[in-house]
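Trainee: when you get a sec, could you give me coordinates for this:
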Amino acid sequence: MSADSARPEQLEREGHAVEGSRFIYAIGVPVLWSASTDVVDGEGKVLSEGNFRHLAIAEPRTAPYGMAAQQVLTRLGVWDALERGGRLVKGNSIGQTHSQVASGAAELGFVALAQIKTPAGIAGSHWIPPADMYTPIAQAAVVLKRADDLEAARHFAHWLRNDPVARKAIEDAGYGLE
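Mentor: From the prediction side, this is the model:
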């Protein structure tokens, strides 16, 4: 299981995955989030108003959520000013970016909805950008040929892809479905 589709495609291309086993199990949802309740408005206007020192994102060149954040910021017309002004804090991963925002090192940042969504809701303040502002974050899986129990791995992949309970759990966790 991967946070993108490139790595499973590569595993399949290099012959490490069972042929035909690759599938999209979830669509990642980026969200602008602050651990504070009064920072992010419901329309993301905070980005154009600029009432913050630092905005955390994952590195766009290597992280799908970082690329989505860059696309949203570019679409809003604020990317260049934030980057030139030294206001972007780039984490190596979406996990590191979440830590930067959760700790307060950055007032707000783009994280994965699945990182902040709980059964009780979302703490702090947030804005989910419209899906047409970024390229979908398709998260793919494959069955590896080297699996200790290949039949169990195939069964798990089939369950994950087709079972209504599994699909609902993915959606409830903060992901979209294909």
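Trainee: in this structure, which spans are strands?
Mentor: Assigned by DSSP state E, the strands in the chain fall at 23-28, 30-34, 55-58, 88-91, 108-112, 117-118, 121-122, 125-127, 137-141.
Trainee: which one of those lies nearest to Leu177?
Mentor: strand 23-28 (6.6 Å; Cβ to Cβ). All C-beta spots, glycine's among them, are computed from the backbone N, C-alpha and C.
Trainee: residues of the closest one that come out buried?
Mentor: 23, 25-28 (16 or more other Cβ atoms under 10 Å).
Trainee: just put these in a markdown table and tack on distance to Ile116 and pLDDT.
Mentor: Output for those, formatted as a markdown table (distance: Cβ to Cβ, whole Å; pLDDT from 0 to 100):
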| residue | distance to Ile116 | pLDDT |
| --- | --- | --- |
| Phe23 | 26 | 97 |
| Tyr25 | 20 | 96 |
| Ala26 | 16 | 97 |
| Ile27 | 17 | 97 |
| Gly28 | 13 | 96 |
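Trainee: ok, the closest residue to Gln96 other than its chain neighbours - contacts?
Mentor: Of all residues not flanking Gln96 in the chain, Ala58 sits nearest, at 7.3 Å (Cβ to Cβ, 6 or more residues apart in numbering). Ala58 makes contacts with 65-66, 69, 90-94, 96-97, 110, as judged by Cβ atoms under 8 Å, 6 or more residues apart in numbering.
Trainee: what of Ala157?
Mentor: 21, 23, 141-143 are the contacts of Ala157 under Cβ under 8 Å, 6+ apart.
Trainee: which among the residues you listed gets closest to Leu73?
Mentor: Ala141 (29.2 Å).
Trainee: give the contact list for the closest one.
Mentor: Counting by Cβ under 8 Å, 6+ apart, Ala141 has contacts 1-2, 8, 21-23, 25, 157, 160.
Trainee: cool, Val46 as well?
Mentor: Val46 touches 32, 39-40, 52, 108, 127, counting by Cβ under 8 Å, 6+ apart.
Trainee: swap in Ile24?
Mentor: 5, 138-140, 178.
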